[in-house]
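Asker: Turn this into a model:
(chains A and B)
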Amino acid sequence: NAGVTQTPKFQVLKTGQSMTLQCAQDMNHEYMSWYRQDPGMGLRLIHYSVGAGITDQGEVPNGYNVSRSTTEDFPLRLLSAAPSQTSVYFCASSYSRRVGLPTYEQYFGPGTRLTVT
Amino acid sequence: KNEVEQSPQNLTAQEGEFITINCSYSVGISALHWLQQHPGGGIVSLFMLSSGKKKHGRLIATINIQEKHSSLHITASHPRDSAVYICAVEQGGSEKLVFGKGTKLTVNP
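Answerer: Residues are numbered from 1 along each chain as shown, chains lettered A, B, ... in the order given. Predicted structure coming up:
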């Protein structure tokens, strides 16, 4: 198993450009999520999905879109990049995360370091 | 006030020392996670617990639900344990994780 993969590893964008960060997992996990990590702050949830066709907003969703057309893939789209979106982005997945059901450990991708100038 | 507070923020130890990292939270939770982030940036799950205590090798995690507190202990610390340790909680009734800011551990030989 490749686990959780993310591409690209590094990206530099100019303000106003758009791009898609790719995330894929081969573990048949229902739950997938995107986080951003900034210095001095904990990981913050951007968007998440509890299954194909279902997405919801996290703590910091503005400026980002997601879709989940397959179980395996969960791309994160930056619509119009801003310097405030300079960060390290992590995708994560787990077998399931539904209210009232058992909890499973999370698997993280290697991260994408994004710089917006 | 953050929902998840970790202490200390930074910790330096000598090889062989017993390490304790603390995590306090202010909300009702269904589970708590301990994660490790190495200097290269990768994040791995160490423990997931909702009660009691778990042990894996030299690592021990405990949780006290009544006191809303968890600890991560490392026995016989080693330089390879140097990393950022992150506590995260699953709020009861939510599908989301809330993370602490992490504790940076440096173990010197």
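Asker: Report pLDDT for residue 93.
Answerer: Because you didn't say which chain, this covers chain A. Residue A:93 is assigned 94 on the pLDDT scale.
Asker: ah, no, chain B please
Answerer: pLDDT, residue B:93: 70.
Asker: and it, that's in a helix?
Answerer: No: looking at residue B:93 with DSSP: H, G, I helix; E, B strand; the rest coil, it is coil, so not inside a helix.
Asker: measure it to chain A for me?
Answerer: 6 Å (Cβ to the nearest Cβ, to the nearest Å). C-beta here means a position set from N, CA and C on the backbone, and glycine is covered the same way.
Asker: Over to residue B:103?
Answerer: 11 Å.
Asker: Let me know the average pLDDT across stretch B:50-68.
Answerer: For stretch B:50-68, the per-residue pLDDT averages 95.
Asker: Residue A:65: how many residues sit nearby?
Answerer: Residues contacting residue A:65 under the criterion other Cβ atoms under 10 Å in any protein chain shown number 14.
Asker: so who does it touch?
Answerer: Taking Cβ atoms under 8 Å, 6 or more residues apart in numbering or on different chains, we find residue A:65 in contact with A:47, A:76, A:77, A:79.
Asker: Quick check: which helices or strands does the lowest-mean-pLDDT helix or strand in chain B pack against?
Answerer: Taking mean pLDDT, DSSP states H and E as the measure, the helix or strand of chain B with the lowest value is strand B:97-99, at a mean of 90. If you count contacts as 3 or more Cβ pairs under 8 Å, 6 or more residues apart in numbering or on different chains; DSSP states H and E, strand B:97-99 packs onto strand B:83-91.
Asker: Name the residues that touch the strand it packs on?
Answerer: Residues contacting strand B:83-91 (Cβ under 8 Å, 6+ apart): A:42-43, A:97, A:103, B:3-4, B:6, B:21, B:23, B:25, B:27-39, B:43, B:46, B:70, B:72, B:96-100, B:102-105.
Asker: same check, this time on stretch B:66-75
Answerer: Identification of contacts with stretch B:66-75 by Cβ under 8 Å, 6+ apart yields B:18-26, B:29, B:32, B:34, B:46-47, B:49, B:58-64, B:81, B:85, B:87, B:105.
Asker: can you list the contacts of residue A:65 in a markdown table and add neighbour count?
Answerer: Converted to a markdown table, the contacts of residue A:65 look like this (neighbours: other Cβ atoms under 10 Å in any protein chain shown):
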| residue | neighbour count |
| --- | --- |
| A:47 | 23 |
| A:76 | 21 |
| A:77 | 14 |
| A:79 | 14 |
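Asker: now these in TSV, with secondary structure and distance to chain B?
Answerer: Below are the contacts of residue A:65 laid out as TSV (DSSP: H, G, I helix; E, B strand; the rest coil; distance: Cβ to the nearest Cβ, whole Å):
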residue	secondary structure	distance to chain B
A:47	strand	11
A:76	strand	16
A:77	strand	20
A:79	coil	22
